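Novice: how does the following fold in three dimensions:
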Amino acid sequence: SADRPLIVAGAGVLYAEGTQELVELAEFLQVPVMTTMEGKSAISELHPLALGSGSGVMSDPVLEFLRNADVVLVIGSSMTPHSMVTPIPPGKVVIHSTNDPVDIGKGSSPDHALLGDSRLVLKQLSDSVRDLNGPSPRSSDEGPATRIESIRAAWHTRWMSKLAADAVPINPYRVIWELMKTIPASEAIVTHDAGSPRFQMMPFYRSDGPRTYLGWGKSHQLGTGLGLVIGAKLASPEKVCINFMGDAAFGMSGLDLETSNRNGAPITTILLNNGTMGGYNRALPTAMGEYGAGNMTGDYAGVAEALGGVGIKIEDPTEIGPALTRARRINFDEGKSVLLDVKTQQELKFSAYPD
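Specialist: I've put the predicted structure just below:
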């Protein structure tokens, strides 16, 4: 009897391989779906009912539908309170499904708790709604897909000055936009690093199927994304495996480009090279202002070459798309990892990020 139901899908849906069951339930009831950060890709974000992911940042469709929902089904998430977990606003009926009883009530006490494997619970829910409503699904014409697309289009229009920016140094949002236009999300596995790359990627990049995106970040150690994407390439050699990282993150783990080359796991690393740790001038004004504690320089493309890969420097936004195409060819034809050293500006505006 909910008027504005919403499904929040977490990493448990991915672990349980429950994407098909999630989509079937959402389509039958015409319920919009958002994911957690770790659950991103549990539903293709190109699906008309997909809102995108939530965390410390989110798309406008996520923000609006989460605010206005009256009943929220959270499935496959622990709901552990954390700055990278989008809280459920008060005043809603919350159904929380998890496979661990310790998780129940972690964030706030749900109105209803369902304990079990996410795929099995989703299947049982689908059976139950058919028992209650009959076998005929709700028409997509009655669903929220048109509203979702309208909100997304208006959001993109508002952000287009950054997504399509011709500025030099390059705006990092332009890099994300060019990636989405150049390499089909279904053919890629993409991840972010901690910090600004995570906040810039998560709302805008639209994954296309289970594990085409590796969402992480409740821990913040810089450089983690590089190791994750090497593992992704070993697991799925047919995919274009790409990680976004900043120059500080590269300083933590960049030498593992040699690991990827030595082990036959050619990846593409997009280095957002702005010469500083974004935002630290506000958090640590004395350390940054007097000592430049978070600033750094280096020939990162040269490092990639020295480690047996290929380094490509990019300073003009029109070079991004061709460089991505070239990197993909090198990964598959030459078996070498590629570092795209993109000279970027410091960008501190994030979508729906609290001031």
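Novice: can you list contacts of the helix-or-strand element of the chain with minimal mean pLDDT?
Specialist: Least confident helix or strand of the chain, by mean pLDDT, DSSP states H and E, is helix 280-283 with a mean of 78. Helix 280-283 is contacted by residues 287-289, 293-294, 348 when judged by C-beta atoms under 8 Å, 6 or more residues apart in numbering. Every residue, glycine included, has its C-beta placed from N, CA and C.
Novice: let's go with 10 Å and repeat that
Specialist: Defining contact as C-beta atoms under 10 Å, 6 or more residues apart in numbering, one finds that helix 280-283 is touched by 195, 248, 277, 287-289, 292-295, 346, 348.
Novice: for the stretch 151-300 of the chain, what spans make up the helices?
Specialist: 172-182, 196-204, 224-235, 247-253, 257-262, 280-283, 285-291, 300-306 (DSSP state H, counting those that start in this stretch).
Novice: need the three-state assignment for residue 333.
Specialist: What DSSP: H, G, I helix; E, B strand; the rest coil gives for residue 333 is helix.
Novice: what's the residue most central in space within the chain in contact with, if anything?
Specialist: The centre of the chain sits closest to residue 202, judged by C-alpha atoms, centre = their mean, with a distance of 3.6 Å. Residues near residue 202 by C-beta under 10 Å, 6+ apart: 37, 40, 52-59, 84, 176, 192, 213, 215, 217, 350-351.
Novice: how far away is the residue nearest to residue 189 when sequence neighbours are not counted from residue 325?
Specialist: Of all residues not flanking residue 189 in the chain, residue 232 sits nearest, at 4.4 Å (C-beta to C-beta, 6 or more residues apart in numbering). Applying C-beta to C-beta, to the nearest Å, the value for residue 232 to residue 325 is 20 Å.
Novice: now residue 264
Specialist: 22 Å.
Novice: next SSE downstream of the host helix or strand of residue 66?
Specialist: Assigned by DSSP states H and E, residue 66 falls within helix 60-68. Next along the chain after helix 60-68, taking DSSP H and E as the criterion, comes strand 71-75.
Novice: could you tell me the angle between that following strand and helix 60-68?
Specialist: Inter-element angle recorded for strand 71-75 and helix 60-68: 120 degrees (by axes from the mean of the first three to the mean of the last three C-alpha atoms, to 10 degrees).
Novice: list the helices and strands strand 71-75 packs on?
Specialist: strand 5-9, helix 11-15, helix 19-29, strand 33-35, strand 93-98, strand 112-115, helix 118-133 (3 or more C-beta pairs under 10 Å, 6 or more residues apart in numbering; DSSP states H and E).
Novice: reformat those as TSV; add mean neighbour count, mean pLDDT and distance to residue 66.
Specialist: Converted to TSV, the helices and strands packed on strand 71-75 look like this (neighbours: other C-beta atoms under 10 Å; pLDDT from 0 to 100; distance: least, C-beta to C-beta, whole Å):
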stretch	mean neighbour count	mean pLDDT	distance to residue 66
strand 5-9	26	98	6
helix 11-15	23	97	17
helix 19-29	20	98	15
strand 33-35	29	98	7
strand 93-98	22	97	12
strand 112-115	14	97	18
helix 118-133	17	96	20
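Novice: nearest to residue 160, of the ones you listed?
Specialist: strand 33-35 (22.8 Å; C-beta to C-beta).
Novice: buried stuff in the least confident helix or strand of the chain?
Specialist: Residues of helix 280-283 classed as buried: 280-281 (neighbour count, 16 or more other C-beta atoms under 10 Å).
Novice: tell me the contacts of the nearest residue to residue 287 once chain neighbours are set aside?
Specialist: Among residues not flanking residue 287 along the chain, residue 293 sits closest, at 4.0 Å (C-beta to C-beta, 6+ apart). Neighbouring residues of residue 293 by C-beta under 10 Å, 6+ apart: 276-277, 280-281, 284, 286-287.
Novice: at 8 Å instead, please
Specialist: So, once contact is read as C-beta under 8 Å, 6+ apart, residue 293 ends up touching 280, 284, 287.
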